[in-house]
Structures are given as C-alpha cells and as structure tokens.
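Visitor: any chance you could fold what I've pasted below:
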Amino acid sequence: MLTRDHWIAAGFDALDHDGDAGISAERLARRLNVTRGSFYHHFRNREDFVHALLSAWEADYADRMLAHAAAGRSLEEVLQRYLAIAAEKQPGRETAIRAWARHDPLVAVYQQRVDQTRLTFAITTCRARAGGLVDAELVGRLAHLCLIGGQESGDRLQPAAFARRIQDALALLNHRA
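Guide: Modelled structure (predicted):
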C-alpha cells in the first residue's frame, strides 16, 4: 500500500535526478506507476506535498546531521563530522533545493532556516569547544561555507578527496591555535 513516505521518497528521487521540474503530481505518479488521484489522497495540493518533502529534508539534513556532528569528542572531530555531510549526504539534493529556492519563496524559507540552523550550530560549537583560542564566529562561518561550497562545487563528485582536504584544513587550523 502506497503511503505519504513513498511519495516523499519519490520526490527526493525526482529532485536527485530531475531537480524541481520533477516535483509535480503527474510526474511523481508516473514515477510510482500510480494515478494522480493517489497523490491527492495523501496531500491536499502541491504546496502540502512541498511542505512534507522539505520538512523531511530539514529533519534529515539539519536535525539528524547536527546530532551526528555534535557527537564528536573534539572541535576538530565535530567540524569533520559536520563537513563530511557535504560529501556523504547526496549533495546533489542540496544543490537542487538551492536552485529551487531561487525561484520558489516557500522553498527559500526552508533553505534559509536550514542554513541558519547549521550556521548557528557551527558558531556555537566553536565557541563552546575552542576555549577562546580561535575566532569562533569566523571558524564557524568558514565551516558552514565549506559545507555549502563542497556541495555546490565539483568536489561533491569526489567525496574522499573533499574529506581529505577538509581534514588538512582543520589540521592547519589546529596548529594555528
């Protein structure tokens, strides 16, 4: 039996392969090999679906991601975990959502909230764990920009190389402090 979760998974698959152009009841129904009526059985309209899709993305790509990062023992390990998401968490999805946010105000709200949550986490973590040895706001902002840059650049296609470069950068930061 088809559930909301199936539709959301199909929405993520569409984003991963077709960008936001794949987010329509008809295209998603074809992807699932069902009628459009099934879509409207689970969602009031496209906007309701977009809210559900982006809420699931926010929970995974912000809440769970940051909980994973926070489990690091040192500042370096927390930031490594934080930045590893750029290489491990289907960065193409983030790229598609950022592109979609440029022309859809609803998506922009989610994107901005996720970015602010991540940035706040990075800065707060740096303040709490660096002990005044580094400019916490600067390091937190740099980590956040590396996360976005890693996703948006071709580095996302070579996750191991990107992760090594991040580790090298964090090691340099550690020697400076």
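Visitor: what sits up against stretch 12-19?
Guide: Stretch 12-19 is touched from outside by 22-23, 27-28, 31, 53, 56-57, 90, 92-93, 96-97, 99-100, with contacts defined as C-beta atoms under 8 Å, 6 or more residues apart in numbering. Bear in mind the C-beta positions are built from the backbone N, C-alpha and C, glycine included.
Visitor: which among the residues you listed end up buried?
Guide: When the contacts of stretch 12-19 are checked for burial by 16 or more other C-beta atoms under 10 Å, the buried set is 22-23, 27-28, 31, 53, 56-57, 90, 93, 96-97, 100.
Visitor: out of these, list just those in helices.
Guide: The helices in this structure, assigned by DSSP state H, contain 27-28, 31, 53, 56-57, 93, 96-97, 100 from the buried ones among the contacts of stretch 12-19.
Visitor: can you list those residues in a markdown table and add distance to residue 150 and pLDDT?
Guide: Conversion of these to a markdown table gives the following (distance: C-beta to C-beta, whole Å; pLDDT from 0 to 100):
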| residue | distance to residue 150 | pLDDT |
| --- | --- | --- |
| 27 | 29 | 96 |
| 28 | 29 | 97 |
| 31 | 29 | 95 |
| 53 | 23 | 98 |
| 56 | 22 | 97 |
| 57 | 18 | 96 |
| 93 | 14 | 89 |
| 96 | 15 | 94 |
| 97 | 15 | 96 |
| 100 | 19 | 98 |
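Visitor: just those now: which is nearest residue 128?
Guide: Checking these against residue 128 with C-beta to C-beta, the nearest one is residue 57 at 26.8 Å.
Visitor: ok, residue 124 - contacts?
Guide: Taking C-beta under 8 Å, 6+ apart, we find residue 124 in contact with residue 140.
Visitor: what about it, which helix or strand?
Guide: helix 105-130 (DSSP states H and E).
Visitor: might you list the low-confidence residue ranges for this structure?
Guide: Where the chain drops to pLDDT under 70, the residues are 86-87, 133, 154-167, 169-177.
Visitor: domains for it, by residue range?
Guide: 1-43, 55-176 (automatic domain parsing).
Visitor: these into JSON lines, with extra columns for distance to residue 49?
Guide: Putting those into JSON lines (distance: least, C-beta to C-beta, whole Å) gives the following:
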{"stretch": "domain 1-43", "distance to residue 49": "4"}
{"stretch": "domain 55-176", "distance to residue 49": "11"}
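Visitor: can you give the distance of stretch 90-105 from its chain's centre?
Guide: Relative to the mean C-alpha coordinate of its chain, stretch 90-105 is positioned 10 Å out (C-alpha atoms, centre = their mean, to the nearest Å).
Visitor: thanks again, I'm all set now.
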